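1. Could you work out the structure for the sequence below:
(one chain, ligands or ions: 2)
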Amino acid sequence: MQDFLKNFSLEGKVAWVTGASYGLGLAYAVAFAQSGAKVVFNDINRELVDKGLAEYEKLGIEAFGAVCDVTKEDQVKDFVAQVEKNVGTIDILVNNAGIIKRIPMIDMTVEQWNLVIDVDLTGPFICSKAVLPAMIKKGSGKIINACSMMSEFGRETVSAYAAAKGGLKMLTRNICSEYGQYNIQCNAIGPGYIATPQTAPLREKQPDGSMHPFDRFIRSKTPAQRWGKTEDLMGLAVFLASPASDFINGQVIYIDGGITAYIGQDPGNLDPSKMQDVD
Ligand code: NAP
Ligand code: GCO
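-> Ligands and ions are numbered 1, 2, ... in the order given. Model prediction:
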């Protein structure tokens, strides 16, 4: 009991974060490395992997990175084999890689729909499937999925993304149900609106210098009246990857500055001079 803080350590663990060259994935990987884990990551092309490797090096983190598309099972199997050979068996997987297409549903093509479902839902299925056998053999493992406000809510233009993130919530519960008996925990982080390149178009200033209407809308829905920072997610990622969370399974934990607890206020009541910018 007196050494309970040791339960938060990731010393000796191998942690794979998908799509972790920048953004939230990079933040998770940095948090894991600082907690003692060896970090491995993939991304969709060489340019992104090199960008990620340079970033980790700058931060003094020795990361293993390679190109791998999470929607291609052969590439994922090959990546896992490379990691096992060069780094070790994967103890922690974060299914972070994701894309969004903001297109009204009646204008969205089936190809666009399929691409979002493939990356955001089938990708986590393929990557989880690739690491589970070794986790079962070892008798422990952690899988963390990247859910979203769209695992709970809908909104205009994000039908495929909401369908994928809602599905990912249920995949989280199902992995827990199927493999919890092997001391494997699968949980999800549900970020609110976080300032990353993925959400940059929603925060752009208007040509006259005023706030983007969506920026105003999100602040009016968030008690903190600000966007999240990538650092806001690092603590929960470490907790869910560590033995301290061994009896938490199948849960989605939202980090949203209070969005899911709050009905919101009239955006017209906000006073921009009192609001913080986070980037
Ligand atoms: P991001 O900036 O778009 O980063 C995701 C990474 O995944 C990018 O490097 C991306 O490459 C890569 N990727 C895309 N398709 C891939 C594939 N098929 N195989 C391998 N890698 C692929 O996203 P983020 O904002 O950091 O978000 C990370 C995750 O959290 C996503 O799943 C996102 O949906 C979720 N999330 C984000 C927020 C938010 O507010 N930012 C909120 C809730 C949930 P490209 O750059 O080429 O696309
Ligand atoms: C959007 C956003 C979102 C967020 C996030 C919310 O267009 O509404 O991009 O979907 O990125 O997933 O939690």
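2. and the one helix or strand I144 maps to, does that touch ligand 2?
-> Per DSSP states H and E: I144 is located in strand 141-146. No - Strand 141-146 does not reach ligand 2 (C-beta under 6 Å from any ligand atom); its nearest approach is 8.3 Å. Every residue, glycine included, has its C-beta placed from N, CA and C.
3. could you give the mean pLDDT of that strand?
-> For strand 141-146, the mean per-residue pLDDT is 99.
4. same for that strand, what does it pack against?
-> Applying 3 or more C-beta pairs under 8 Å, 6 or more residues apart in numbering; DSSP states H and E, we find strand 141-146 packed against strand 92-95, helix 123-138, helix 159-179, strand 184-191, helix 234-241.
5. What residues of the helix or strand bottoming out on mean pLDDT in the chain count as buried?
-> Between all helices and strands in the chain, the lowest mean by mean pLDDT, DSSP states H and E belongs to helix 213-221, at a mean of 95. Buried residues in helix 213-221, defined by neighbour count with 16 or more other C-beta atoms under 10 Å: F214, D215, R216, F217, I218, R219, S220, K221.
6. swap in stretch 270-278?
-> Applying 16+ other C-beta under 10 Å to stretch 270-278 flags L270 as buried.
7. hang on, isn't A163 packed against M108?
-> No - checked against C-beta atoms under 8 Å, the pair A163 and M108 is beyond contact range at 11.0 Å.
8. To what extent is the closest residue to G257 other than its chain neighbours buried, counted in neighbours?
-> Closest residue to G257 apart from its sequence neighbours, by C-beta to C-beta, 6 or more residues apart in numbering: A224 at 3.8 Å. A224 is flanked by 17 other residues according to other C-beta atoms under 10 Å.
9. From ligand 1, how far off is A224?
-> Taking C-beta to the nearest ligand atom, to the nearest Å as the measure, A224 falls 14 Å from ligand 1.
10. near ligand 2, anything from the least confident helix or strand of the chain?
-> No - contact of helix 213-221 with ligand 2 (C-beta under 6 Å from any ligand atom) is absent, the minimum separation being 7.9 Å.
11. by contact count, what packs against that helix?
-> Going by 3+ C-beta pairs under 8 Å, 6+ apart, helix 213-221 lies up against no helix or strand.
12. you'd agree R173 is up against A188?
-> No - at 9.2 Å, R173 does not count as touching A188 under the criterion of C-beta under 8 Å.
13. Which one's more surrounded, the two?
-> A188 (26 against 16).
14. Tell me who's in contact with the more buried one.
-> Going by C-beta atoms under 8 Å, 6 or more residues apart in numbering, A188 touches I144, N145, A146, C147, S151, L168, K169, T172, Q251, V252, I253.
15. Look up the residues forming beta bridges with it.
-> According to DSSP bridges, the partner residues bridging A188 are N145, V252.
16. on that earlier part again, and ligand 1, which of the contacts of A188 contact it?
-> Checking the contacts of A188 against ligand 1 (C-beta under 6 Å from any ligand atom), the matches are A146.
17. Which one (most neighbours) among the contacts of A188?
-> Neighbour counts for the contacts of A188 (other C-beta under 10 Å) peak at N145, which has 29 neighbours.
18. SS state for the residue nearest to G257?
-> coil (DSSP: H, G, I helix; E, B strand; the rest coil).
19. next one: F64
-> strand.
20. what about the spatially closest residue to it that is not a sequence neighbour, which SS state?
-> Excluding its sequence neighbours, the residue lying closest to F64 (C-beta to C-beta, 6+ apart) is V40, at 4.3 Å. Three-state assignment for V40 (three-state DSSP): strand.
21. who's V40 bridged to?
-> Beta-bridge pairing for V40 (DSSP bridges): W16, F64.
22. and it, what does it touch?
-> V14, A15, W16, V17, A63, F64, G65, V83, V87, I90.
23. thought the last one was touching V14?
-> Yes - using C-beta under 8 Å, I90 is in contact with V14, at 5.2 Å.
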